[in-house]
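Visitor: Based on what follows, work out the 3D shape:
(2 chains)
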Amino acid sequence: MQRVKNVDFDEDELYDDDDEYGEEAEMYLQEDRANFAALTPVVRAELEEVGLQASDKEIQDALWNYYWDVAKAVTYLKNNRTPKPPQQTFKKQEKPKSKFDEAAERSAKGLDEEVGHVVKIIVESPSDGSEGTPCMLPPRDWFRDVPWTLPPGTQGHLVPAAPVYRPRLLGGSSKLAKAAEERGKKAATTSAEEFTANGASSSLDRPTKPKEPKENKAPSTVDEPKNSPMREKRKPTPPPSSGLAEEMPDLRAEPTDFARTLSARPTPDTLPAAMSLLNLLGSERSEDPFKGPSPDGTVTKAQNRSKGMTKRPLANKTQALKLDSAPTQAAQPKVGSRGLDVPRLWAEEKAKRKPSAAFVVIGHVDHGKSTLMGRLLLDVGAVSQRDIDKCVFGLASSTISQYQKQASEMGKASFALAWVMDTSAEERERGVTFDFAQHHFSTPKADFTILDAPGHRDFVPNMIGGASMADMAVLVVDANQLDSGMKGQTREHILLAKAVGLKKVVVAINKLDAATPPWSQQLFETVQTDIKTLLATSGFADEDIKFIPCSGLAGTNVVNPPKPSSPAAWIPKAHFTLLQALERSIPPPAKPTTTTAAQELLKQPLRMQIIDVFRGSITNPLSIAGRIASGTVQIGDVVTIQPSGEKAAIKALDVSDEPRDYAVAGQICTLHLSEIEAQHLRSGDVVCSSQHPVRVAKSCTVLIEVLEALLPQPVDVHFGRLHVPGWISQLVETVDGEGEQMKRRPRVLEAGQRARVRVGFEEGVPLVVGERVVLRNAGVTAAYGRVE
Amino acid sequence: MRLIKQNIERKTGEGSAVLLPEEPEDLWHAYNLIRPNDLLRASAIRKVISESGSGSRSNERVHTTLTIRVTKLDFDPQAAQLHVSGRVAEENKHVKLGSFHTLDLELQRNFTLEKAEGWDSVALDTLKEAVNQDAKVQLWAVIMKEGLANICLVTDHQTILRQKIESNLPRKRAGSTEHEKQMQKFFQTTFDSLLRQLDLANPKPLLLASPAYTATHFQSFIKAQAASGTNKGLRELLPKITVAQSASGHLHSLNEVLSSPAVTAKLSDTKFARETQLVDHFFTLIRKADNRAWYGPRESEKAVEQGAVGKGGGVLLISNGLFRSQEIEVRKRWVKLVDEVKEQGGEVRVLSSMHESGRRLESLGGVAVICTWPIEDLDDGEVEEEDEVHENGEVDEAWHENGDGHGIEGRVEHVEDIDFA
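Guide: Numbers count the residues shown, from 1 in each chain, chains lettered A, B, ... in the order given. The predicted structure is shown next:
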């Protein structure tokens, strides 16, 4: 019952569209014609019963529009023909009855297939050649103000308030318009009701949700409560669309002037309610979503702009800061420095500069690494009384001798030199280096950065951090305690130096003055042979190794060669001093191959692992230090910190404790940051260019050299300074020297094998392909390799 | 956990048990006992919505006892909460048959468990272990390094990470005391968090472990706090502190700490110490390329098939994660393996997947065997089959990628995930 009624409403709508262009009957299908033939007489008979006349055309139109619903067609025609407004009310009341009638009629006349036809048409219509989506538009425009056709986007899902649109509603159909004129004002409300209801049900084919509530808001009528649920039910059948499709050809016909006037597009101001509701419902989707820039594009644009923007305020800021602390001219180049062609500048400047290198001092605990470095610094004049005054104790105490006094008070006189490197109270108290220390010094020939690594096995993670920043290694070996080192960290450090990619080693055979007899050349040579073997097995090339006999404590052959009279007189004949050896180990910068490789490195995106996060000074409350692995960085750059993904601006930067405008790959520098919180920075994080941020991964494949038998198991994973817990999740395969697969899914990896393994992490880790990785387990280096 | 009542038929395994969980650990046992399809009866609070004749609705919360057929379990080790979802299997006046309900098992409230598949040997063992009232060992451990501290509670069956403290320590540099300052701050934070976790009225052993001296320093820090502060309980804690060396400050170092002689001397004969030693032993064997040690589901099954895991040193190490499989078949497979080993006279160790030793085992596929004689080439002809498994597993990149392939819930349920994340 309800369903039928609903169908009726839908067809009502269709009728309207159709009616105006009804002349296109020749487009009717064969079956349609048959139906017309069968039903027209029936309708006519019905009409004649109430004493009305109608032309075939009208009847056919009505039938067509009501989908062969005879009863409806009759009712419609009756209404149309009966000029009196009360007729309308009558019709309404009669409505339910008419459904019954119609049902009875149908069964009586064996026209049950009617409904079937409706469906059929619906099904067939899409295959109708006449149909085309573009044709849908004109009628929509045409009936823009008619709520019960497909309403145009601008009108949204609104069923307009009836009184405003009523005359135009009728404008959709010339016949109805006529009828409406006849009906007069009185009938207005009722007819509005009817059409509103129609409109609501016709809008079923609009798959929009927001419409629903609006319908409920439509002027309340008696029918309303009944209509709403019915609509829900009707949804599956889409007759309106099919109807529209059918009438396509009609749409091309010229409307009459009268119709045009009536159905003229409402001026925008007649639609305020519609518009506002539309806005409320957020139907911007009717706009072309791709018209503007994409969200990503906006972001990128903003970022690009902010790069430029931040530069300027930042420049001003830095300028202001500089004004406080330094003369104005210091600020001037800063502004100019933005957008520097760093690689070019670097290349130009390179010729003028001394070569520079960072070396890590490695070796077993208590073999005298820190003392040797203290001696080196003292003898080259890098640690002078003044320096110590300034940076170690303030003005109260000074010089190495002061250290000595303090140290002897603590019963550790021999540690005095080491205290240049071991600055923390803890380290001094225990006489052991904990974390690597960093120091710069220059000789006439070169600039050096010392990274004094801790030798104790518990601090191997720190040693890895230090070694990953270095260009070469200084291995310190106590000539008198070779064995302890061979078992312990001498061996491990050599492996780790290899693991982080160091190639050149200067071996300082230390404490020869304490040997028995002092400065025994024989002892030196024995040690030299042993270490050479060890280095060779670890994969160091012979020509990259230099051996230096020396004594850190006494200062013999560190910077100054021993006196000819001393028992160490044999040294200068065959060996350099430590400093000379270091200077000679620096890769010559003039070599074309290295230069191009270095140039390439500069062009890559910025990568720098954070070694340290600290408070630089009052003007630079947040600073980070590290070695630039690739790319360049300059003041004003905006960089991204991974894995936090936060951005920071570079306010200033130092290389070797001196302010610079830019820094390049290979340099150890300090970046003073702004616009970032300290909590987003951790040692081990990676600073990278915002355009090409490092990927943060939770797992990776690593090609490793196995040093200790490995199973799928938890391991400590070291990427330079970064030290994270992880686990080997899968032994992928063992490989031979060329990387060819030997065995898939081995059960266990044995020492000495090369293998590909899958490593997982608990937290995301910034990873670069080719990055060097060290796997440790239970305090022992188990494997090293590279990320693939 | 207390066993209130049971009528389990030994032969068929049919019947039910009424259990009373008393402490948070018991919920972990319950989590291992209850399987999908089991019938669980427990008190519940249910929101009942009633509609009156006029259409107005009222809802009220009703205390009722519900029996559900379990579909899903969710265990939160941090909060020690066990949520069991299922469909109501017995109708009452508030709840319709077949409607869904999630029971929150509560401490000190009985629940009745009836196994759908009957109580198998593993379930019975779990039950025995759960109701074992013998001295339960618990200790607090702080695994730390400079800038990182993991505070965790180690019980017989679980290692629960309670708090992770991370702070950014600047490196030492000449002329700056920043490092020391930050170190003190870090100790203070760690200490404060630790106090919040500890029950000082009834102090449990506290284990401090770190590489180098960090743990020692922290111990002195606690001592200083105890000496200066007014907290008397703190002084009673002091003698219970053990300091040990670990290779790193990460949680998985707990393993080596628990197996180190210094610790085993004090905490000897705890379940986890034994488990850790066993797994260590296994690792040592396999590192020596000793063909008596094998791991992985297929290899282990083959070894058991050949009768190599029998009397005289045969050990089957199996993670209880395998028994928690959602699929009944998978569980049956492992129960069968366990029964077989028992029959052969071998030792069966069910390791808790929430212990570090169990985790290590899980990374090996959840099951490993130590055979009585060396077997060669157990892994031959496995390669192709294994591949599929790995492909499935790789999706999740969890602890062990072939995990789900063998029916280990492990990380998949994200239960263990939470506490070690």
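
Visitor: residue contacts, the nearest residue to A:Gln634 once chain neighbours are set aside?
Guide: Residue nearest to A:Gln634 in three dimensions, not counting chain neighbours: A:Tyr662, with 3.8 Å by CB to CB, 6 or more residues apart in numbering or on different chains. Every C-beta, even on glycine, is put in place using the N, C-alpha and C of the backbone. Neighbouring residues of A:Tyr662 by CB atoms under 8 Å, 6 or more residues apart in numbering or on different chains: A:Ser337, A:Leu340, A:Val342, A:Leu345, A:Trp346, A:Thr632, A:Val633, A:Gln634, A:Ile635, A:Leu653.

Visitor: Most neighbours out of those, which is it?
Guide: Neighbour counts for the contacts of A:Tyr662 (other CB atoms under 10 Å in any protein chain shown) peak at A:Ile635, which has 26 neighbours.

Visitor: circling back: distance check, the residue nearest to A:Gln634 against A:Thr670.
Guide: 13 Å (CB to CB, to the nearest Å).

Visitor: re the thing from before, what is the nearest of the contacts of A:Tyr662 to chain B?
Guide: Proximity of those to chain B (CB to the nearest CB) peaks at A:Leu653, which lies at 16.9 Å.

Visitor: Please report phi then psi for the closest one.
Guide: According to degrees, to the nearest 10, the main-chain angles of A:Leu653 amount to phi -150, psi 150.

Visitor: and the closest residue to it other than its chain neighbours, what are its bridge partners?
Guide: Leaving aside its chain neighbours, A:Leu653 sits nearest to A:Leu671 (5.0 Å; criterion: CB to CB, 6+ apart). With DSSP bridges as the criterion, A:Leu671 is bridged to A:Ile624, A:Leu653.

Visitor: burial measure for A:Leu671, as a count.
Guide: 27.

Visitor: Surely it is in contact with A:Ile650?
Guide: Yes - contact criterion CB atoms under 8 Å: A:Leu671 and A:Ile650 qualify, at 5.4 Å.

Visitor: Please enumerate the shared neighbours of A:Tyr662 and A:Thr670.
Guide: Joint contacts of A:Tyr662 and A:Thr670 (CB under 8 Å, 6+ apart) are A:Leu653.

Visitor: Which stretches in the stretch 301-421 of chain B count as strands?
Guide: Ranges of strands in the stretch 301-421 of chain B, per DSSP state E, counting those that start in this stretch, are B:315-319, B:347-351, B:367-370.

Visitor: which secondary structure elements does the first one contact?
Guide: Counting contacts by 3 or more CB pairs under 8 Å, 6 or more residues apart in numbering or on different chains; DSSP states H and E, the secondary-structure elements packed against strand B:315-319 are helix B:271-287, helix B:328-344, strand B:347-351, helix B:356-363, strand B:367-370.

Visitor: To B:His252, which of those lies closest?
Guide: helix B:356-363 (5.9 Å; CB to CB).

Visitor: B:Gln158 and chain A: what is the separation?
Guide: Remark: distance between B:Gln158 and chain A (CB to the nearest CB, to the nearest Å) = 17 Å.

Visitor: Once you drop chain neighbours, what's closest to that residue?
Guide: That would be B:Met354: by CB to CB, 6+ apart, it lies 4.2 Å from B:Gln158.

Visitor: Distance-wise, check the residue nearest to A:Gln634 relative to A:Ile635.
Guide: Distance from A:Tyr662 to A:Ile635, counting by CB to CB: 7 Å.

Visitor: and the stretch 151-300 of chain B, which residues reach chain A?
Guide: Proximity of the stretch 151-300 of chain B to chain A, by CB under 8 Å from any CB of the partner chain, involves residues B:166, B:168, B:170-176, B:178-180, B:211-213, B:245, B:247-248, B:250-253, B:255-256, B:283, B:286-289, B:294-296, B:299.

Visitor: picking that back up, read off the pLDDT value for the residue nearest to B:Gln158.
Guide: pLDDT for B:Met354: 83.

Visitor: same thing with A:Val360?
Guide: pLDDT, read off for A:Val360, is 90.

Visitor: before we move on, the earlier item: any idea which of the contacts of A:Tyr662 is least confident?
Guide: Least confident of these in the model: A:Ser337, at 46.

Visitor: can you tell me which residues contact the nearest residue to A:Thr670 once chain neighbours are set aside?
Guide: Once flanking residues are discounted, A:Thr670 sits nearest to A:Asp654: 4.3 Å by CB to CB, 6+ apart. By CB under 8 Å, 6+ apart, the contact set of A:Asp654 is A:Arg660, A:Cys669, A:Thr670, A:His672.

Visitor: Tell me, how many residues neighbour the closest residue to the second one other than its chain neighbours?
Guide: I take that to be A:Cys669. Counting by CB to CB, 6+ apart, A:Cys669 lies nearest to A:Ala663, which is 4.1 Å off, once chain neighbours are set aside. Residues near A:Ala663, counting by other CB under 10 Å, number 26.

Visitor: Partner strands of the strand or helix carrying A:Ala663 and their direction?
Guide: Taking DSSP states H and E as the criterion, A:Ala663 maps to strand A:662-664. Strand A:662-664 has its sheet partners listed here by DSSP bridges as strand A:632-634 (antiparallel).

Visitor: Is chain B within reach of the next helix or strand after the strand it pairs with?
Guide: Downstream of strand A:632-634, the next assigned helix or strand under DSSP H and E is strand A:638-642. No - Strand A:638-642 stays clear of chain B (CB under 8 Å from any CB), getting no nearer than 12.5 Å.

Visitor: I'd like to know which elements strand A:638-642 is packed against.
Guide: helix A:295-325, strand A:646-655, strand A:686-689.
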